[in-house]
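Participant: the sequence and its predicted three-dimensional model are supplied below.
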Number of protein chains: 4
Amino acid sequence: MSGSVFGNIFKISTWGESHGKALGVIIDGCPAGIEISEDYIQKDLDRRKPGQNKYSTQRKEADRVEIMSGVFEGKTTGTPISLIIMNTDQRSKDYSEISNIFRPGHADYGYESKYGFRDYRGGGRSSGRETAARVAAGAVAKKLLSILGISITAYTLSIGSIVIDKANFDKNEIFENPFAMPDMAAANKAALLLDRAVKNQDSAGGIVQCEVSGIKPGIGEPVFDKLDACLAKAILSIGATKGIEFGLGFDASRVSGSFNNDEFFMSGEKIVKYTNNSGGILGGISDGAPIVFRTAFKPTPSIAQKQKTVTSDGRNTSVEIKGRHDPIVVARGVIVVEAMTAITLADLILLNMCSKMENVKKFYDSIQ
Amino acid sequence: MSGSVFGNIFKISTWGESHGKALGVIIDGCPAGIEISEDYIQKDLDRRKPGQNKYSTQRKEADRVEIMSGVFEGKTTGTPISLIIMNTDQRSKDYSEISNIFRPGHADYGYESKYGFRDYRGGGRSSGRETAARVAAGAVAKKLLSILGISITAYTLSIGSIVIDKANFDKNEIFENPFAMPDMAAANKAALLLDRAVKNQDSAGGIVQCEVSGIKPGIGEPVFDKLDACLAKAILSIGATKGIEFGLGFDASRVSGSFNNDEFFMSGEKIVKYTNNSGGILGGISDGAPIVFRTAFKPTPSIAQKQKTVTSDGRNTSVEIKGRHDPIVVARGVIVVEAMTAITLADLILLNMCSKMENVKKFYDSIQ
Amino acid sequence: MSGSVFGNIFKISTWGESHGKALGVIIDGCPAGIEISEDYIQKDLDRRKPGQNKYSTQRKEADRVEIMSGVFEGKTTGTPISLIIMNTDQRSKDYSEISNIFRPGHADYGYESKYGFRDYRGGGRSSGRETAARVAAGAVAKKLLSILGISITAYTLSIGSIVIDKANFDKNEIFENPFAMPDMAAANKAALLLDRAVKNQDSAGGIVQCEVSGIKPGIGEPVFDKLDACLAKAILSIGATKGIEFGLGFDASRVSGSFNNDEFFMSGEKIVKYTNNSGGILGGISDGAPIVFRTAFKPTPSIAQKQKTVTSDGRNTSVEIKGRHDPIVVARGVIVVEAMTAITLADLILLNMCSKMENVKKFYDSIQ
Amino acid sequence: MSGSVFGNIFKISTWGESHGKALGVIIDGCPAGIEISEDYIQKDLDRRKPGQNKYSTQRKEADRVEIMSGVFEGKTTGTPISLIIMNTDQRSKDYSEISNIFRPGHADYGYESKYGFRDYRGGGRSSGRETAARVAAGAVAKKLLSILGISITAYTLSIGSIVIDKANFDKNEIFENPFAMPDMAAANKAALLLDRAVKNQDSAGGIVQCEVSGIKPGIGEPVFDKLDACLAKAILSIGATKGIEFGLGFDASRVSGSFNNDEFFMSGEKIVKYTNNSGGILGGISDGAPIVFRTAFKPTPSIAQKQKTVTSDGRNTSVEIKGRHDPIVVARGVIVVEAMTAITLADLILLNMCSKMENVKKFYDSIQ
């Protein structure tokens, strides 16, 4: 197990290195009868695509997705959906000089220790480029969720010390500025911060917020497969993340129970809550309110400044990282957060179909 | 799947309700030849046991563990280890009046929606009492890790707004005060805070820090089964947690790459880092430095104050929660954090044995 | 992983040794709302119970099952169901003399090689006694299936060379004779064969046939989780089995395609087949006809005759196996075959709920 | 879950339809450092390739495998290995007339019932063509096993009523005749049998025997993941198989225990057995003798004779199956049996590395 399989029912297997021939994903367990097309998936991939502005790596990849199996006459067949994205703009020679050096902040040392050697070209499998496959699978999961009336919106909450002002919140702005911030003023400040970072051969991080609407109560499994536990694994499996919090999150540890508890009331026939400090999850199970969480991205470790490090044969040295690197990955991470959220939710919703014998019987009786 | 199975190789299955006959866990996949005894496991259970001071539920449970299988002549046999803890002090009648009410901050509504009805006695399966089984399994995992030279220490970093002062750090204090804080002065302040909360029929939360020493590089699997992703799932599957962060955590999003990157250098033959902002994990794989993370516990939702809520048949009402509840669960959560950390690490270390063909061959050649 | 967990959604974990304190099983993922009681489960356990006639081990075990969790007010809650059966009639001293000898036909040598030592008392975990836990879990699965109109009947087709005569088939006879043969005349002949075997300090084997009615088409997953593949694993995981075949089985390899193919026709609104050579499974998926398979049990390896063997420290020796052993396990295996069939079907039916998006949508829309 | 993922540590995910763009497989969990090349894998694929003689489908596929990821500088890196085989000779129009008919002996009806519609072109995912991906993955598993000194040989034991004569056994013959029979005389008789079948627009089946040498004791997990149980699932997941038996197999049910038991003795320092009736597996764990099993393939269901069937909208009709079909699949199945055996063994051997704490400690201590 090299950890490239995720999920129980809606199960994905990804593959591919930054500078290999291609990247891809197999989705095993997607229900039959969902309309899906390459154009549909491409839209999400385009949001992750490199080289779209000066704050993103200048590597040029079309990132065109091709559906290789599992879709017939425009619909999913229930069998594995194989999606492939060819690599076209590898410049592996950029990396030859770091083949025997462990870059600070990167997984190089861990991989070498684990496997005895590594594909050093652009980080190989540990590259952020790996997330293209997640985004492709996530688009399929999102389509499934959209049929159920569920939608996911992630955006940049902060970059470095620049935080959006909720008073300025404008959802459309997410797609308008290079930082996926729903606040133009904050995005402008972030641009200044990034310009300075680039000038200093440095990088920046940020926080992404994700909100899910349309989630009904009862999703998530007790004890180990709680909805928040599964989302935490999904999100912290994204390369540069360093933390996640739900609802009030770390601030919940600082308030009283009477403040933190969300009281229930009836809104017509519907059970709702006055507040949503829980972030839509209680005891690991959805409570019908929107799911809300935040995740922290660290600053990109690939910086051009000279850094101290060691060689794989144990000598002290220093390194200045060349190549085409993002000074920040937060904005490109937004769509990856959405993808992993969608994949996790699709899986847990499918699992939940078996919770009540009543539903099992209804299903079995419906078979002719 | 009701989510009560955790792990790949070192795999645990837990069972039991707060007011059922007993709680228990099966460990499937523990290597043979580890010395284990009921007394050894009991020590960790005693750290979680209720009723040990006035800030913990007054329910009296001996929480005696019994080894039912998998140990022969004092050693693990390689086959499933079944551990049972009988319940002795259930007072189910305390709960009859909330049988058709959804307690704010609890999983009642989610369970009822998911399963159509629920065991309302003390939260049933959603009770924190479920964690006793985790602690028992965790003790076995810790024993495995101790043989490898790995040790885990968790403690309370903060309660409400009271944060420990690192200058006062005293590891022994963890076991001396009712809050598991390694700082006596902070613990005294926390006592005042809690006394006030109890008087106000309210509750408090806090933050637990966990540190693991002895971890060698290479542990954790690429992409989805990253070490931090797996730990995040393990920790956020503990009832009252609302967030987790590794190393610098959320603060990493606010600093520059040049600050955040940990530079490497040779210390004799060993590769080490000047700093440990990564919290011992880079690209999801251990980097040889201690693992460091923090998790936030929300304030206990069971409070005696009157709260608005609804009945399961859809009427507005209010509830004052009786019964014997903890005004804070952070201190009892410390040992649960250690347990889930140990279980996760044991599993990932076993998985890592298969990473290199060289090791596979060495193993196979050694079979007579 | 020591291989004691089985299933995907309806997932069981068993534990316990022949001469340990108890045996048990956890069922994780049983849907909520199924009426279940200890008395109901006991009926199946009584069919497996030792000591019921002279062809079965004279060990006396009440094999009383106790429900420890997961059932509330007489119904499954959706959370783990823990079932325990205490051991009461262990005579471990019977085994001390074989503690360092590898019994022919037993797993002793394999266990010792794998784990470095073993619980030699009655075979420990490799004992047929382990199947009591399967039968208990199987009873729950059967209850689930019965609600869907599915029933499972297994019986002894042959013992040694004695085969039932289909002309004499009488289902009630299965429960009337000590061999679970649906043909009294054959059972009488089997008794003579067994009496001779016992006199010769020898043992016998046989073949069990299993039939499942009420199975609708579409159950089973393509490629690796085919219905027959999953059943084969389930059945060949029962201790003494040496083979399995579906429908015509091995004979299918000897006939022509035109003979073997089952032609379809309409029976009113229903699609049916003229024959059932497929055994109810085509391409790994149920075809709506009854599932039919056979499994071969080898003769019990524990015989009192002197046999050559070796000691664990590598010396040639001989052994005469004492203790209370079955001269045949086929009849007691019948209920184990039913149990494993039920567990496998329950799991695959639950999995099948997610096959069509149409059903997923219907389910999600039904949540309030 | 659509059942296209197999294995625990050495885990494969296959994808692709008979008349889609391509077929492929991802291997997740292959240890790092194994030399592998496209040419090496191609050799096994060539043994499965269609159109090699008149008893095989006349579809012309080069079946060229391409390594897309997971191999760097000629060696596996430990990360997912993606293998792709492009389809080149699809003639989908051959199938349009059976798009709404359920072919007898095929999975058509099951798929349609399960998923609501199906990719009818050449059976889509249910086609035997799917096994090309298994053979590619199997070649990698075989390479792993060969490093450990394990080799697998499968061959045709019988075709229809023609059984090889063990006196004539000639291993080289397996690769010389179109039936993979290690007996030229039997192969000649089989050719006559097949010529007659083709003339009658009919088909034939047969039995494949598989033998594994170099297996040390201790492989396989107790209870559910027994070595024979896992192999049974692996082998019966191959399309046309109808049964499997180990060692004496079904005949074991007809002999006495004293005959069936394999007695042990010391051969120098080594524990060996006088006979191998167990087929190398006792209690689900390898006993050091060669693994021996047989599997039955049914006659190909695609025959040109007119057969009765029904349409998907419920009318009686008849069908004569056109297209390019194998009159027998046994010989092409031989390499698929080898592949699935190799994949299963690789997985269980990797799992076994964690059986003893002693080995875990040795491994961990070896990390620098």
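Facilitator: Done, it's in.
Participant: give the contact list for the nearest residue to A:T275 once chain neighbours are set aside.
Facilitator: Among residues not flanking A:T275 along the chain, A:D262 sits closest, at 4.7 Å (C-beta to C-beta, 6 or more residues apart in numbering or on different chains). To be clear about C-beta, it is placed using only N, CA and C from the backbone, and glycine gets the same treatment. The contact partners of A:D262, by C-beta atoms under 8 Å, 6 or more residues apart in numbering or on different chains, come to A:K273, A:Y274, A:T275, A:N276, A:N277, A:S278, A:D287, A:A289, B:P104, B:G105.
Participant: how far away is A:D262 from B:A234?
Facilitator: According to C-beta to C-beta, to the nearest Å, A:D262 and B:A234 sit 26 Å apart.
Participant: likewise A:I41?
Facilitator: Noted for A:I41: a distance of 32 Å to B:A234, by C-beta to C-beta.
Participant: anything in the longest helix seen in chain A near chain D?
Facilitator: In chain A, with assignment by DSSP state H, the single longest helix is helix A:330-352. No. Judged by C-beta under 8 Å from any C-beta of the partner chain, helix A:330-352 makes no contact with chain D; its nearest approach is 8.8 Å.
Participant: so what secondary structure elements neighbour that helix?
Facilitator: Secondary-structure packing of helix A:330-352 (3 or more C-beta pairs under 8 Å, 6 or more residues apart in numbering or on different chains; DSSP states H and E): helix A:38-48, helix A:131-147, strand A:151-159, strand A:206-213, helix A:227-236, strand A:291-297, helix C:357-366.
Participant: measure how that helix sits relative to helix A:357-366, angle-wise.
Facilitator: Counting by axes from the mean of the first three to the mean of the last three C-alpha atoms, to 10 degrees, helix A:330-352 lies at 80 degrees to helix A:357-366.
Participant: does the residue nearest to A:T275 count as helix, strand or coil?
Facilitator: Assigned with DSSP: H, G, I helix; E, B strand; the rest coil, A:D262 falls in the coil class.
Participant: show the pLDDT at it.
Facilitator: A:D262 carries a pLDDT value of 98.
Participant: kindly report the same for the one 10 residues further on.
Facilitator: According to the per-residue confidence, A:V272 scores 97 in pLDDT.
Participant: go on, A:G51?
Facilitator: Reading off the model, A:G51 has pLDDT 75.
Participant: with A:I12 instead?
Facilitator: pLDDT, A:I12: 97.
Participant: contacts only, for it.
Facilitator: With C-beta under 8 Å, 6+ apart, A:I12 has these contacts: A:V5, A:F6, A:V25, A:I26, A:I27, A:D28, A:R134, A:A137, A:I343.
Participant: and for the third one, nearest residue in space, chain neighbours not counted?
Facilitator: For A:V25, ignoring the flanking residues on the chain, the nearest one in space by C-beta to C-beta, 6+ apart is A:A133 at 4.0 Å.
Participant: residue contacts, the one you found?
Facilitator: A:T14, A:W15, A:G16, A:L23, A:G24, A:V25, A:L83, A:I85.
Participant: which residue comes closest to the first one once chain neighbours are left out?
Facilitator: Pointing back at A:T14 there. A:A133 (4.0 Å).
Participant: please report how far the closest residue to chain B within the stretch 151-300 of chain A lies from chain C.
Facilitator: Proximity of the stretch 151-300 of chain A to chain B (C-beta to the nearest C-beta) peaks at A:G283, 2.3 Å away. Counting by C-beta to the nearest C-beta, to the nearest Å, the gap between A:G283 and chain C amounts to 12 Å.
Participant: Provide the count of other residues in contact range of that residue.
Facilitator: Around A:G283 sit 26 other residues, with neighbours defined as other C-beta atoms under 10 Å in any protein chain shown.
Participant: cool, the one 10 residues further on as well?
Facilitator: Using other C-beta under 10 Å as the criterion, A:F293 is surrounded by 26 other residues.
Participant: enumerate the residues of the stretch 1-150 of chain A near chain C.
Facilitator: Going by C-beta under 8 Å from any C-beta, the residues of the stretch 1-150 of chain A near chain C are A:8-9, A:29, A:31-34, A:76, A:78-79, A:144, A:147-149.
Participant: alongside chain C, which residues does the stretch 151-300 of chain A contribute?
Facilitator: Contacts of the stretch 151-300 of chain A with chain C, taken as C-beta under 8 Å from any C-beta, map to A:K216, A:P217, A:G218, A:P222, A:E269, A:K270.
Participant: tell me the one among those residues nearest to B:D170.
Facilitator: If you rank those by distance to B:D170 using C-beta to C-beta, A:P222 comes first, at 37.7 Å.
Participant: verify the contact between A:Y55 and A:D326 for me.
Facilitator: Yes. Using C-beta atoms under 8 Å, A:Y55 makes contact with A:D326 at a distance of 7.0 Å.
Participant: returning to what we had before: by neighbour count, which of the contacts of A:D262 wins?
Facilitator: Neighbour counts for those (other C-beta under 10 Å) peak at A:D287, which has 32 neighbours.
Participant: does that one touch A:T275 like I think?
Facilitator: No. In this structure A:D287 lies outside contact range of A:T275 using C-beta under 8 Å: 11.4 Å.
Participant: and whichever residue of the stretch 1-150 of chain A sits closest to chain B, how many neighbours?
Facilitator: For the stretch 1-150 of chain A, the residue closest to chain B is A:A107, as judged by C-beta to the nearest C-beta, at 2.3 Å. By other C-beta under 10 Å, the residues close to A:A107 number 27.
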